[in-house]
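A.B. asks: Quick check, what structure comes out for this input:
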Amino acid sequence: MAFLIDIGTGLVGKLVDYTVLSVGRQVGYLIYYNRNVKSLEDQLNDLVAANRSVEQRVGEEERNVREVEIPVNKWLTDVKKITEEANKILNEEQKEKMKCLCGLFPNLVVRHQLSRKSTKLVSDVAELYGKKDFSTYAHAIIPQDVPSKDYDAFSSRTVVVNQIMDELRNSPNINMIGVYGFGGVGKTTLVKEVSRQATGDKTLFDDVAMILDTVAGRARLLSSRIKDQKTLVILDDVWDGIDLEAVGLSGVTTCKVLLTSRTREVLSGKMHTQKEFALDLLGEKESWSLFKKKAGDVVEDPSIKAVATKVAKKCGGLPVLVVSVASALKNRSTLHAWKDALTRLKRLDKEEFTEKTYLALEWSYSQLNDEELKQLFLLCGLSATYLKNVCILDLFKYGLGLGLFKNLNTLGEAWDAINSLLEKLKDSSLLLDDEDIGWLKMHDLVHDVARRISSRDQHLLKVFDGDEFKEWPDNKDFCDKCTMISLRKSNIPKLPEVLQCKELKLFLLDSGVKGYSLEIPCNLFKETEKLSVLDLSSLSIPSLPPSVQFLINLKTLCLDRCTLGDIALIGHLRNLEVLSFLRSEFKELPKEVGQLTHLRSLDLTGCTQLEIIAPGVISNLKRLEELWMGGSFNRWEAEGVTNSERSNASLSELKHLSNLSALHVHVLDANILPSNLFSNALKRLERYRIYIGAAWNWDDADANLNTLKIKLTTTNELYQSGLNTLLKRTDELHLNGMDTGNNTAYQLDGEEFQQLKHLHVHNAEFRHIINGKVRSLVSV
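C.D. replies: Next up is the predicted model:
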């Protein structure tokens with residue numbers, strides 16, 4: 001009996017211990033509620049940042065036509081799923097805060113559940129974060145046997161391609177090959193064709209990597225790609241000797257390297273290539289064939305053909321010149337135009353070849369029949385990066401500030417205008433398409449010509465990495481005339497105390513390194529009252545210099561990819577029309593932004609740390625036409641809370657923006673959508689990406705598609721807010737209708753889908769069939 005009592009006493013003791021521990025743990029969930037939720041938020045922010053980095057890497061691999069590895073895709077899917085779970089918890093936590101702000105007591109049951117879920121999810125998020133690094137991200141895809149887009153299979157080019165391929169296949173001891181020739185002769189196009197053929201021969205290489213940017217920043221990317229693989233690495237446009245170790249190629253025995261340069265000396269003398277191939281100018285027949293292709297059928301007109309053939313000869317067999325001159329004369333049906341072109345090209349006969357090329361390209365520029373077109377071309381040259389890439393969005397912001405677009409009433413009209421002008425520049429072969437959406441590129445020689453014209457006519461100072469720039473010019477004559485300064489450089493010399501450029505209209509300073517520390521003197525802008533565009537990007541800016549108050553004519557201010565401190569002085573820029581904080585780091589939008597009553601465009605895209613926008617700031621921007629908040633602020637407060645109680649902006653403030661035509665926004669909770677927001681107040685929306693519900697992650701979707709992503713409890717929310725009125729203008733629609741145990745049926749009229757191209761259905765039903773214009777339907 002005593003034995004049984006001892007057992008019973010032991011069991012009771014254990015039960016009491018377990019009960020006390022369990023109760024303690026449950027009470028702990030309430031006591032440490034704020035800490036647990038904050039821990040989840042911090043861990044999630046780290047994971048989201050890692051996810052963005054992996055997505056950028058995946059995007060780069062996909063643009064290089066490579067197939068992403070299965071573990072990478074699985075990791076991204078897992079991140080998306082766990083982010084959705086975490087956002088649901090954090091969204092509920094925001095609702096709890098709102099109740100407290102409204103004077104209600106916190107719901108202890110809800111808080112207990114949120115704290116417990118947060119604690120469990122933190123470890124899962126941390127585990128997933130620990131798996132963010134991958135040895136390989138993608139592998140080569142065997143392409144179809146289709147030549148490169150820009151490759152013309154002339155016999156002179158085919159011979160060189162075949163010789164290079166023969167060396168790659170049959171010369172095991174040769175691992176450094178070079179191609180040299182004049183700028184504009186077609187070296188990049190040729191090695192792209194080599195890349196295509198080498199990728200297609202799966203017995204030759206496991207991977208082909210073409211590197212246009214040979215700076216050290218590529219080392220990690222390149223070394224991870226060539227690890228333990230037979231790889232062909234193509235380094236394009238080498239101007240001087242390259243440290244192979246800096247680009248991740250030192251001591252790698254499994255790869256071969258193909259380089260291009262303008263001189264053989266760089267290849268054999270500095271890079272020690274074992275075999276070099278010269279790429280010569282086009283022959284007369286090849287030049288004429290290319291010229292006809294670009295100039296059009298007009299050259300076959302008997303009255304024009306004789307002069308046209310002479311014009312083609314004057315291009316000297318240089319492909320970039322043949323293309324640009326022929327494009328400038330495309331479909332010109334008057335003999336006078338052709339004879340004038342021939343006369344002007346003849347005048348260049350005495351010039352050295354490179355100078356003749358520049359002057360001929362400048363003639364192509366002079367043939368642009370629109371002053372806006374010429375100014376935009378020069379702006380492309382000014383804003384182009386080290387790789388001669390041109391961001392269309394930057395062009396738009398700068399062009400607005402400089403007053404480039406005349407007689408236009410809205411930013412929507414200006415956006416149409418710039419895209420139309422860019423198409424004309426591409427038709428003239430002065431601009432080229434880029435692999436990345438939203439970007440264009442310039443040929444090296446064309447860029448040099450744009451820079452040359454700007455330096456002469458606009459007194460431009462442009463410097464980027466690779467250029468010698470140790471100190472600021474103190475030449476009074478230059479400073480008095482200088483109208484534009486563009487610095488894209490990772491090592492910027494100390495700024496002058498006062499920028500003595502009274503005619504300066506544009507000042508662009510981009511370190512290229514996020515968080516770069518550079519002291520901005522207090523009086524830097526004291527003498528630049530005419531400045532209309534100021535871009536200070538990739539900098540750490542603890543505070544704006546007091547001299548910004550002198551910038552009374554400033555129309556565009558870009559503080560992109562910056563780490564920002566106190567920028568309250570921004571409120572002095574009363575004539576500002578374009579304000580961009582693209583991907584910058586700061587917690588609170590300055591209240592002083594609300595004083596910028598002339599503002600037409602506000603870009604907060606990718607400001608992931610932005611948590612506070614004071615009530616009344618947005619609603620005061622009555623002239624606002626564009627509001628970009630993708631991947632940014634989403635802590636909107638509900639209606640019904642008085643201004644004295646609110647700490648953040650509410651969606652009802654958008655009702656005051658009657659001119660708004662472009663909007664990117666993410667609303668986590670559909671219940672806070674104001675009535676008739678989209679049917680009345682925002683009925684002018686023409687361009688938008690609107691995400692409703694915590695289920696969605698902001699992504700880099702096609703900016704040219706009007707996109708709606710909706711997660712609602714009932715379709716009443718769709719009609720109450722007026723979102724349904726946007727359906728007629730929506731290109732891509734995502735519907736998610738299911739909470740746990742509740743599947744919403746969307747009852748939508750087929751007439752509402754007049755422009756729909758892509759439909760994605762997640763956990764929802766339809767009771768009506770929509771029209772047959774939808775290009776893709778995905779049900780998840």
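
A.B. asks: Which positions in stretch 528-537 come out as buried?
C.D. replies: T528, L531, S532, V533, L534, D535, L536, S537 (16 or more other CB atoms under 10 Å). Glycine gets a C-beta too; all of them are placed from N, C-alpha and C.

A.B. asks: swap that for stretch 478-498, please
C.D. replies: Buried-residue list, stretch 478-498, by 16+ other CB under 10 Å: C479, C482, T483, M484, I485, S486, L487, R488, K489, I492, L495, P496.

A.B. asks: Between the two ends of that stretch, how far is it?
C.D. replies: Taking CA to CA, to the nearest Å as the measure, stretch 478-498 stretches 15 Å from start to finish.

A.B. asks: quick revisit: out of the buried residues of stretch 478-498, name the ones that lie in helices.
C.D. replies: C479 (DSSP state H).

A.B. asks: Return the member of the buried residues of stretch 478-498 nearest to E67.
C.D. replies: When the buried residues of stretch 478-498 are compared for distance to E67 (CB to CB), R488 wins out at 33.2 Å.

A.B. asks: My read is that that closest one contacts F464, right?
C.D. replies: Yes. R488 is in contact with F464 according to CB atoms under 8 Å; the separation is 4.0 Å.

A.B. asks: so what sits against both of those two?
C.D. replies: T385, Y386 (CB atoms under 8 Å, 6 or more residues apart in numbering).

A.B. asks: give me the low-pLDDT residue ranges for the stretch 351-500 of the chain?
C.D. replies: Residues of the stretch 351-500 of the chain meeting the criterion pLDDT under 70: 465-468, 490.

A.B. asks: Next: the stretch 651-780 of the chain.
C.D. replies: For the stretch 651-780 of the chain, the ranges with pLDDT under 70 are 701, 712-717, 737-753, 763-780.

A.B. asks: how close does the most centrally placed residue in the chain sit to S261?
C.D. replies: Nearest residue to the geometric centre of the chain (CA atoms, centre = their mean): G438, 6.9 Å. Here the criterion is CB to CB, to the nearest Å. By it, G438 lies 30 Å from S261.

A.B. asks: same question, R600
C.D. replies: 46 Å.

A.B. asks: Looking at those two, which is more packed in?
C.D. replies: S261 (24 against 20; other CB atoms under 10 Å).

A.B. asks: Count the residues that sit near the nearest residue to the more buried one once chain neighbours are set aside.
C.D. replies: The shortest distance from S261 to any non-neighbouring residue, by CB to CB, 6 or more residues apart in numbering, is to V238 (4.6 Å). V238: 19 surrounding residues under other CB under 10 Å.

A.B. asks: Verify the assumption that V238 is located in a helix.
C.D. replies: No. V238 sits outside any helix when classified using DSSP: H, G, I helix; E, B strand; the rest coil, being coil.

A.B. asks: correct me, but L544 touches I567?
C.D. replies: Yes. Between L544 and I567 a contact is recorded at 5.1 Å, counting by CB under 8 Å.

A.B. asks: how about the strands in the stretch 651-780 of the chain?
C.D. replies: For the stretch 651-780 of the chain, the strands defined by DSSP state E, counting those that start in this stretch cover 662-667, 687-692, 707-711, 732-736, 738-739, 742-743, 745-746, 758-762, 765-766, 776-779.

A.B. asks: Now do the fourth one: distance to the chain's middle.
C.D. replies: When C-alpha coordinates are averaged (CA atoms, centre = their mean, to the nearest Å), strand 732-736 and its chain have centres 24 Å apart.

A.B. asks: Given it, what are its sheet partners and their directions?
C.D. replies: strand 707-711 (parallel), strand 758-762 (parallel) (DSSP bridges).

A.B. asks: Dump those strands to CSV, plus distance to L660.
C.D. replies: Shown next, in CSV, are the strands paired with strand 732-736 (distance: least, CB to CB, whole Å):
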stretch, distance to L660
strand 707-711, 16
strand 758-762, 25
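
A.B. asks: mind checking which of the ones you listed is nearest K74?
C.D. replies: strand 758-762 (19.1 Å).

A.B. asks: Which residue is the nearest non-sequential neighbour of L359?
C.D. replies: L348 is the one closest to L359 (CB to CB, 6+ apart), at 5.1 Å.

A.B. asks: Keeping just the C-alphas, turn stretch 161-170 into PDB.
C.D. replies: Taking Å, rounded to 0.1, in the frame of the first residue of the first chain, the C-alpha atoms of stretch 161-170 are listed here in PDB:
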ATOM      1  CA  VAL A 161      32.600  32.500 -85.800                       C
ATOM      2  CA  ASN A 162      33.500  29.100 -87.400                       C
ATOM      3  CA  GLN A 163      37.200  29.600 -86.600                       C
ATOM      4  CA  ILE A 164      36.500  30.400 -83.000                       C
ATOM      5  CA  MET A 165      34.200  27.400 -82.600                       C
ATOM      6  CA  ASP A 166      36.900  25.200 -84.200                       C
ATOM      7  CA  GLU A 167      39.500  26.500 -81.600                       C
ATOM      8  CA  LEU A 168      37.100  25.800 -78.700                       C
ATOM      9  CA  ARG A 169      36.400  22.300 -79.900                       C
ATOM     10  CA  ASN A 170      39.800  21.100 -81.100                       C
END
